[in-house]
Structures are given as structure tokens and as C-alpha cells.
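[1] Provided below are the primary sequence and the corresponding predicted coordinates.
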Number of protein chains: 2
Amino acid sequence: MSRDIPEFSLQRMPVYLNYLRTLPDDGTYNYISSGAMAQALGLGEVLVRKDLAYTGCAGRPKVGYPRVELIAAIEKFLRINDKKCAVLVGAGGLGSALLSYGGFENYGIELVCAFDTSPEKIGTYIGGKPVLSMDELNEGCKKYGAVMAIIAVPAPAAQQTAERLCAAGIKAMLNFAPAQITTGGDVKVINIDVAANLAILASML
Amino acid sequence: MSRDIPEFSLQRMPVYLNYLRTLPDDGTYNYISSGAMAQALGLGEVLVRKDLAYTGCAGRPKVGYPRVELIAAIEKFLRINDKKCAVLVGAGGLGSALLSYGGFENYGIELVCAFDTSPEKIGTYIGGKPVLSMDELNEGCKKYGAVMAIIAVPAPAAQQTAERLCAAGIKAMLNFAPAQITTGGDVKVINIDVAANLAILASML
């Protein structure tokens, strides 16, 4: 199993995993071919085979991949069985929606708490998670052993938030603020700029 | 100007645009070099030059790119000046946050209305946009001349929603539901699976 995987291949791993998990357990899909997966997901068959080779799970010629083993291999590749804690900064509209979203557990991620500056929100619970003050950021991240964070603050506050999270020991951030953030070398950042994605779509029309 | 651009290069265009737009207008940045952009954005200089070549805007050796012209070239490349209307389906937590989000105008996109199944929401306004019933989908898309849609419904409803949007003439969709959707050949889809992105980040740790 190689970690030296192209970014696009890595991005497709959760797509394969989602698809394989949704197939019925009635015995019809004990084996699944790269061709069937490619067709269902609108991808090329060679691409699917190349991607899955990174997981170390071998397909059998004319039979396909053993589904349960392939799921386990992708989960291992994505390290889903290592539970990880994440915090969220910015409990506004988007932040609140994310706190109430139940999909993180499927990937072994527990969203443990939120941080906000608004006195009306501090001390409340959103989606069952406590909202703490920004003064408690260091302490809260350490208490929960959080290694990841979601940034859902307004754009002008994004960089400062990222720096505070770095100082609190956070190693990976998902940034929803439409602003470029820079971090020290070993802290990973994925930016999700919703408007930019819509603009990319529009430019394809 | 070539449209035959790699997907990753296309994805970086809004990043360049955002960055260039935020630089001060005090004359310091009348010209900006690929090296300065690369450093500010944490990218390779050769990569920046290759990406910007797609816009047709030429940098001048030892001087850089004329900033105002480069902004205009990227805007033209992304077709930001062609105003486009988008609708949203699913006015839950995430959908409501997106309806209240003001960032789409920066890319020439107007989010005009939402559709939902909930009787309590139909007839109300969220972020100043009317929430219509799903029965009005066809009519609403046509009335506003919408060509794009954002899908923010629960996963089990995603595919059906996509099919109804295709039938209503929508040509491009941004899908936030954590489910794979398939559409006819000429309808573009970008999937944003928040949990999957967090999982990808986690696997990099």
C-alpha cells in the first residue's frame, strides 16, 4: 500500500467507499468488477483499477474485487478506523448546519465542539455539541485531543482563526471561508469555496 | 484562450481571481509577478505561469502581469460577466446557510429562489429569496431562466432531485448530498461531500 497517491485518486477513495457501502448485502455483490464500478460512477475503467491498486486489494480476473475486503482496504487506506476528533470554529449558518450533520461518523471523525465569539451562542448546544468561547480554544482542543478543525468564519477572520488553531495544535483544516489561508509547513489545508465551485461549473456551460 | 484546460488548473482560477481582487489599489500592485503570486498562494511558480497562460494574458519578463488586465482575463475565462441564475433545492440547515451567503455575486451568479417539500418553509423567504414548493420546480426554473442548481437535500433524495432538475432544463449542478448522482451526458455535476473532504484530510495526517 503506497501513500504516494495522486490527489485526484485520493479524492475518489470516499466515492468508491460510499458506493460500495450502499450496495445490497443480499449476495448479488459479493464480487464487483472495475467495469461495473466505473459505469456506476461515470469513471473510466482503467482509472478505477489504478485507483484501487493503491489500496492493496487485488481484483480477480473475470470475477472482480471481493466487496467486503475492498471496503476494508479503502477504510484502512483512509485510516477510518483510527478515530479522530475535530472542532469547528464559527457557529453561524453554515457552521450550525455542519454541527447538525451526521455524516462524519461514517469516516471515523467525531465533531466534538464549536467555538464562536457571539455571547448568545456561547454556552448553548447546536446539533448536540457545546459551543465554547474563543478564549477556550486552546484548552478545548487539548481536552478533546482534537487534531482537525473546520473553519466556518467570515473571510476576514479566516487567517487569524487558522493561526490560533495552529497554535492550539491542530494539524489539518477544512476551510469554508472564501479566503486563502496560509499555515506552517506541516499543517494540511483543504479549501472549499462554494461560490468558486459554482463559478467553475458555470464556466463549463 | 483555450478551453481545453486541466481540471486542477480550472479549479485554481477562482483562487487567483480572489487573490488579485484583494490586493490594494494604491499602485503597489499595478504589476504582479508569477513568483509573488506563487509565494502568496503556496503554489509553484511554473504552475502559476502555466495556469495563467490559459487566460491569454501575457506576463512581461522581469515586470509581471498587469493586474487589472489579468483580472479581466480570468473573469472572461470564467465567463463571470455572463450573468447566470441558479436555484437551490433543499432549504434545510445547509441550504438556508447558502441562501444567506453573499459570495455568489462575485462570480456573476445570482441565486434566485429555493425549492423545498416542507409546508412550513414554502411561501417564506430565506436570505431574501423565496422558498417555493417542489411542484413549482419546472415553472420556477423557466421563469427565472435558471441554468444551474445547488442540491442540498438528504442523500436518499439526491438522485431524484437531480433528475427533476435535468427535466426542468438545468445544465449544471453543485451536489452537497453525500450521494453519487448520475445525469445525462451534457449536464455537469460537481460533488462537494464535506465529510469525504474531512476524511481525505484525516488520511493525510
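    Yep, that arrived. Since the structure is predicted, the reported quantities are computational estimates derived from the model, not experimental observations.
[2] Quick check, pLDDT for the residue lying farthest from the centre of chain A.
    In chain A, A:Lys62 marks the outermost C-alpha relative to the chain mean, sitting 33.4 Å out by C-alpha atoms, centre = their mean. If you check A:Lys62, the pLDDT there is 89.
[3] Once you drop chain neighbours, what's closest to A:Gly44?
    Nearest non-adjacent residue to A:Gly44, counting by C-beta to C-beta, 6 or more residues apart in numbering or on different chains: A:Ala38, 6.1 Å away. Every residue, glycine included, has its C-beta placed from N, CA and C.
[4] looking just at contacts, which helices and strands does the helix or strand hosting the one you found meet?
    Here A:Ala38, judged by DSSP states H and E, is contained in helix A:34-41. Counting contacts by 3 or more C-beta pairs under 8 Å, 6 or more residues apart in numbering or on different chains; DSSP states H and E, helix A:34-41 is packed against helix A:7-22, helix A:45-53.
[5] Would you mind identifying the next helix or strand past the last one?
    The first helix or strand that comes after helix A:45-53 along the chain, using DSSP H and E, is strand A:65-66.
[6] which other helices and strands contact that following strand?
    For strand A:65-66, the elements it packs on are strand A:31-32, judged by 3+ C-beta pairs under 8 Å, 6+ apart.
[7] hmm, the strand it packs on touching chain B?
    No. Strand A:31-32 lies apart from chain B when judged by C-beta under 8 Å from any C-beta of the partner chain; the minimum separation is 14.4 Å.
[8] so what strands line up beside that strand?
    Pairing partners of strand A:31-32, with direction, according to DSSP bridges: strand A:65-66 (antiparallel).
[9] and the next element down the chain from the strand it pairs with?
    Following strand A:65-66 in sequence order, the next helix or strand is helix A:67-77 (DSSP H and E).
[10] Touching that next one from outside, list them.
    The contact list for helix A:67-77, computed with C-beta atoms under 8 Å, 6 or more residues apart in numbering or on different chains, reads A:1, A:13, A:16-17, A:20-21, A:23, A:29-32, A:52, A:54-57, A:81, B:203.
[11] And the contacts of the helix or strand of chain A with the lowest mean pLDDT?
    Ranked by mean pLDDT, DSSP states H and E, the weakest helix or strand in chain A is helix A:194-204, scoring a mean of 83. The contact list for helix A:194-204 (C-beta under 8 Å, 6+ apart) reads A:176, A:178, B:10-11, B:13-15, B:18, B:77-80, B:82, B:84, B:86, B:98, B:101, B:103-104, B:106-109, B:148, B:150, B:172-174, B:188, B:190, B:192.
[12] With stretch A:157-166 instead?
    A:89-90, A:134, A:137, A:141, A:149, A:151, A:153, A:173, A:175, A:177, A:179, A:181-184, A:187, A:189.
[13] could you redo the last one with a cut-off of 6 Å?
    A:Val89, A:Leu137, A:Ala149, A:Ile151, A:Val153, A:Ala177, A:Ala179, A:Ile181, A:Thr183, A:Gly184, A:Val187 (C-beta atoms under 6 Å, 6 or more residues apart in numbering or on different chains).
[14] Sort the residues you listed by pLDDT and name the bottom one.
    In terms of pLDDT, the weakest of the contacts of stretch A:157-166 is A:Gly184, which scores 78.
[15] number of nearby residues for the residue nearest to A:Gly44?
    Residues lying near A:Ala38 (other C-beta atoms under 10 Å in any protein chain shown) number 16.
[16] Disregarding flanking residues, what is the spatial nearest neighbour of A:Tyr101?
    B:Val194 (7.0 Å).
[17] ah, wrong one, I meant A:Val63
    Nearest to A:Val63 is A:Tyr31, by C-beta to C-beta, 6+ apart, at 5.1 Å.
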